[in-house]
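Q: sequence-free structure coming up:
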């Protein structure tokens, strides 16, 4: 499953046209996004939480899969950039009216929508839309099937950089359902691109892809060994709705084997941070003391998510504006 | 079924108070709307797609019948005029609380909403609301039953004028389910008012009203004859959900008799344009080569829809502002 | 059932931090809210219905119980103050994802939402959220269970003051389902705090709390006696959906005993006004002649509702701004 396409995301001058996947982006590009987000963290803390960068632009949330949380962070990010936001929840009903995805896309383009934030249960949908989009329209992947969730990965990188300063030398453990996680896939790519020294995948065999090692991770089936001495622990959400059949004995047994407790957390580096993409299943992935404890940076991830999304939206819209000026001038 | 009422839509000085139906509006009024829309086509193509004409006004989308597409175009039009938009999907639930339509209307007026965009499955609802609305409130009909859909008709007229320049001398064929189509009814009125030389209705007997000729159309039951030498072909949507009983043998047979193909299209004038209100049922009303072909102006209709809706909203709000000043001064 | 907590709603300098209940607020505080609303009544009647007081602030409508009407008035009030509005309808689905109310709250705070407007079927939810909210976040109760609906009570007080000038000397009858009404509970507190001379509760025994007198009302079971010579009649909505079992014989019998008719209205003071929180069940709580008659101020209540909500939102946001400046400076 590979939809990476450097020439699809970047133009000839390495400017961001779309943001679809971490795959194919180099360290300089990722660092530039992190640096841009740095400048936006202040905006959300001002009395007037708005900058006029995207005034008069229309950003459409094209969510084929419901996600109030992700939709809300994109909506807030777009509004803080002064864009107008259109929320379109597209369910089976539109399809039942006989309209194809491409027809929907063409219609929204004809209305001069500037950007699509796409969420879909099928891998590759955001790429498909970007491939067929007008040159004036930017596409951001807000999660496609099991493939990628690049803004989530970037907000995680931002959180790590804020706490650890440098990526070089870090050991990071990703714990849980790596097999079904688009988040994990994007995180592994970003961590390796940014140059951490070791990425570990900690999970039972049934929740790891068969080619896990080829993703660039060290595989651990034992939790205690997996988080030993790491600087960052990323707990994945146990996506019950994604699992089919008897991959897991029970939530209780999962917690006993892979749940993060204070006792286990003590095995990591004394300065380790604990992350989770949310929403947490308390008592399944971790217990409440850890979730609410001093090493948890889970709520900071949410805050930084707004800054990262502002960065990505404004960079893509910025590329469009520059290209329009080049055509005009 | 006639709800036309010149004095309801226009005030003594011929200014637009509401926009409910094409019926009763003269050529000068329709032309003025087209000319106003002309000025707005540029706004959607600017870097900052906004004009401050309706700043501080509240436009309520009062949709008793779901239509994401139409609602979205009105929302975008209102936002490009800098108005605030309130989306109210009013289903059976409100009625079940025992509140009448008039009570809902009075409540929204009391909140100082400036305009209602009304969509309803029953013919005459927008007129009913306009009749009972406060003098400071404008009403726009976004489709009522089988009666009228005047903004759709106006965006079609705009598209025709953009491509053909003049209405005089044009032959226009409307193909399909004229019987159930509020769009067709409004188009026929507009085309005749603007002075085309011939309007044709092309459909099987079962999809034509019994009084079709009295609408001011030439009736054709044969597709090849009906589109022979015409300048404009308007394909109607086959509204499966509206049809009851055995009006049609099958979609397949419908396409074989009335579907627009490249071969049939060659019978029209060599400069003919193809229109459709969307969403298209590909392979039912027309095949994909025609829909995506060089003579199709279907996506331009969508773009022009924003400009026409900006024109109608701003004219109605403009009338209100002038009348308020007259009262004040 | 008491969630009053003076120190929760007010800071040490008696500034409004949250607006959760009338309980614990003194006459000066209520009067200040009414005076602030007075200044906002003009905004809704201007050509440009907007003031920049809350520009760049994010107000989240956190509705766990659907109410299009109340949600709309808060949305309009926030938009007229130039705030951005986030509508979150939180149903069982979020809970089914395993996230607790506190996790939802923490996440929205992390996104730097400035204010929560909370509606919930359980009494005390707004208080619970305010107790756990960040110091930078304001909470407004938009109705919690049978407990309180303080903005509704304040708009009623505003309507009374507009018509009667002073509260001293007024006799006010509240008629109907006092037992299940959070509105009545808040009204009684506000009327007594503002110093009316008499508050009457008029209802059958089955629709009155057993401790009715301790609320500070005079109890009447006979409608004619209850509204005799009063200055203000507040009809409550018969909340059919709230009633369980056989508390009432039938709507018809209810109307015959407690319905407000022209004939009964004549028993009140000749200058009496008639109020209702809406939506009215015509022919159940009152007949249409009364609802639409010259003594009815029901639609004015809706208009004043926007001004009162603007007042409360802007006062709470104002307190936050002042406290931020104090911390900063």
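A: Received it, and whenever you're ready, just let me know what you need. Just so we're clear, the structure is a prediction, and the values are computed from it rather than from any experiment.
Q: neighbours around the closest residue in space to residue A:114 that isn't next to it in sequence, how many?
A: Among residues not flanking residue A:114 along the chain, residue A:57 sits closest, at 4.5 Å (Cβ to Cβ, 6 or more residues apart in numbering or on different chains). (Glycine included, C-beta is placed from N, CA and C.) Residues contacting residue A:57 under the criterion other Cβ atoms under 10 Å in any protein chain shown number 26.
Q: Which pLDDT value goes with residue A:57?
A: Predicted confidence (pLDDT) for residue A:57: 95.
Q: Could I get the full set of helices for chain A?
A: With helices called from DSSP state H, chain A shows them at A:6-9, A:27-40, A:68-80, A:92-96, A:101-110, A:125-132, A:150-164, A:182-194, A:223-227, A:251-258, A:262-265, A:288-291, A:298-328.
Q: Hmm, residue B:44 and residue A:57 touching each other?
A: No. Here residue A:57 does not reach residue B:44: they are 11.5 Å apart, not a contact under Cβ atoms under 8 Å.
Q: ok, the residue in the stretch 201-329 of chain A positioned nearest to chain B - contacts?
A: Nearest to chain B in the stretch 201-329 of chain A, going by Cβ to the nearest Cβ, is residue A:321, at a distance of 6.1 Å. By Cβ atoms under 8 Å, 6 or more residues apart in numbering or on different chains, the contact list for residue A:321 reads residue B:47.
Q: Run through the residues that contact residue A:86.
A: Taking Cβ under 8 Å, 6+ apart, one finds A:58, A:59, A:60, A:61, A:113, B:72, B:75, B:76 in contact with residue A:86.
Q: Compare these and tell me which is most surrounded.
A: Neighbour max across the contacts of residue A:86 (other Cβ under 10 Å) = residue A:59, 27 neighbours.
Q: tell me, how many neighbours does the spatially closest residue to residue A:197 that is not a sequence neighbour end up with?
A: Distance criterion Cβ to Cβ, 6+ apart; nearest residue to residue A:197, sequence neighbours excluded, is residue A:169 at 5.3 Å. Residues near residue A:169, counting by other Cβ under 10 Å, number 11.
Q: cool, the one 3 residues further on as well?
A: Look at residue A:172: counted by other Cβ under 10 Å, it has 26 neighbours.
Q: how much space between it and chain B?
A: As defined by Cβ to the nearest Cβ, to the nearest Å, residue A:172 lies at a distance of 41 Å from chain B.
Q: cool, and residue A:65?
A: Per Cβ to the nearest Cβ, residue A:65 is found 17 Å from chain B.
Q: I figured that residue was touching residue A:118, is that so?
A: No. Contact between residue A:65 and residue A:118 fails when scored by Cβ under 8 Å: they sit 9.8 Å apart.
Q: Of these two, which one has the most company?
A: residue A:118 (26 against 18).
Q: right, and the more buried one touches residue A:144 too?
A: Yes. The criterion here is Cβ under 8 Å, and residue A:118 meets it with residue A:144 at 7.2 Å.
Q: list the residues that contact both of the two?
A: A:125, A:126.
Q: burial count for the residue of the stretch 1-150 of chain A found nearest chain B?
A: Residue of the stretch 1-150 of chain A nearest chain B, by Cβ to the nearest Cβ: residue A:56 (3.2 Å). Neighbour count for residue A:56, taken as other Cβ under 10 Å: 19.
Q: cool, residue A:215 as well?
A: Quick note: residue A:215 (other Cβ under 10 Å) scores 17 neighbours.
Q: how about it, what does it touch?
A: Taking Cβ under 8 Å, 6+ apart as the criterion, residue A:215 is in contact with A:185, A:188, A:201, A:209.
Q: near chain B, which residues of chain A?
A: Contact residues, chain A versus chain B (Cβ under 8 Å from any Cβ of the partner chain): A:55-58, A:84, A:86, A:88, A:90, A:94, A:97-100, A:103, A:106-107, A:109-113, A:321, A:324.
Q: and residue A:193, how far is that from residue A:31?
A: 10 Å (Cβ to Cβ, to the nearest Å).
Q: again with residue A:167
A: 9 Å.
Q: How much space separates residue A:253 from residue C:89?
A: From residue A:253 to residue C:89 the distance is 36 Å (Cβ to Cβ).
Q: now swap in residue A:301 and tell me
A: Taking Cβ to Cβ, one finds residue A:301 at 25 Å from residue C:89.
Q: Same question for residue A:257.
A: Distance from residue A:257 to residue C:89, by Cβ to Cβ: 37 Å.
Q: Ok, residue A:195 next?
A: 43 Å.
Q: neighbour-wise, which of those two wins?
A: Comparing residue A:195 with residue C:89 by other Cβ under 10 Å, the one with more neighbours is residue C:89, at 15 against 12.
Q: excluding its backbone neighbours, what's nearest that one?
A: Residue C:89 sits nearest to residue C:63 (Cβ to Cβ, 6+ apart), 5.5 Å away.
Q: Now do the contacts for the one you found.
A: Residue C:63 touches C:71, C:87, C:88, C:89, C:90, C:117, C:118, C:119, C:142, counting by Cβ under 8 Å, 6+ apart.
Q: can you pull up the bridge partners for it?
A: Beta-bridge partners recorded for residue C:63 (DSSP bridges): residue C:89, residue C:119.
Q: How many neighbouring residues does the closest residue to chain C within chain A have?
A: Nearest residue of chain A to chain C: residue A:48, at 3.2 Å (Cβ to the nearest Cβ). Close neighbours of residue A:48, defined as other Cβ under 10 Å, add up to 12.
Q: just residue A:47 next, same as before
A: 14.
Q: Please apply the same query to residue A:121.
A: Neighbour number of residue A:121 under other Cβ under 10 Å is 12.
Q: give me every residue that touches it.
A: Residue A:121 neighbours (Cβ under 8 Å, 6+ apart): A:64, A:65, A:145.
Q: Output those residues as CSV; include the columns pLDDT.
A: CSV is the format used below for the contacts of residue A:121 (pLDDT from 0 to 100):
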residue, pLDDT
A:64, 88
A:65, 84
A:145, 88
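Q: what bits of chain A have low per-residue confidence?
A: Scanning chain A for pLDDT under 70 picks out A:1-6, A:91-99, A:241-247, A:249.
Q: Let me see the domain layout of it.
A: A:6-148+A:303-328, A:150-297 (automatic domain parsing).
Q: Let's have those domains in CSV, adding distance to residue B:137.
A: Output for these, formatted as CSV (distance: least, Cβ to Cβ, whole Å):
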stretch, distance to residue B:137
domain A:6-148+A:303-328, 24
domain A:150-297, 42
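Q: re the thing from before, residue A:193 and residue A:31: who's more crowded?
A: residue A:193 (21 against 15).
Q: Give me the phi and psi for residue A:177.
A: Backbone torsions for residue A:177, taken as degrees, to the nearest 10, come to phi -80, psi 70.
Q: Residue A:68 contacts residue C:88, doesn't it?
A: Yes. Contact criterion Cβ under 8 Å: residue A:68 and residue C:88 qualify, at 6.6 Å.
Q: Now do the same contact list for the residue positioned nearest the centre of chain A.
A: The centre of chain A sits closest to residue A:152, judged by Cα atoms, centre = their mean, with a distance of 1.9 Å. Counting by Cβ under 8 Å, 6+ apart, residue A:152 touches A:143, A:183, A:186, A:187, A:277, A:305.
Q: how about the residues of the stretch 201-329 of chain A that lie near chain C?
A: A:278, A:279, A:280, A:281, A:282, A:284, A:299, A:300, A:302, A:303, A:305, A:306.
Q: Could you rerun that using 6 Å?
A: A:279, A:281, A:299, A:302, A:303, A:306 (Cβ under 6 Å from any Cβ of the partner chain).
Q: The stretch 1-150 of chain A too?
A: So the stretch 1-150 of chain A meets chain C at A:44, A:48, A:49, A:50, A:76, A:79 (Cβ under 6 Å from any Cβ).
Q: Now the fourth one: closest residue in space that isn't a chain neighbour?
A: Take residue A:50 and drop its neighbours on the chain: the residue closest to it by Cβ to Cβ, 6+ apart is residue C:56, 4.3 Å away.
Q: picking up where we left off before, who has more neighbours out of residue A:68 and residue C:88?
A: Each of residue A:68 and residue C:88 had its neighbours counted (other Cβ under 10 Å), and the higher figure belongs to residue C:88 (19 against 16).
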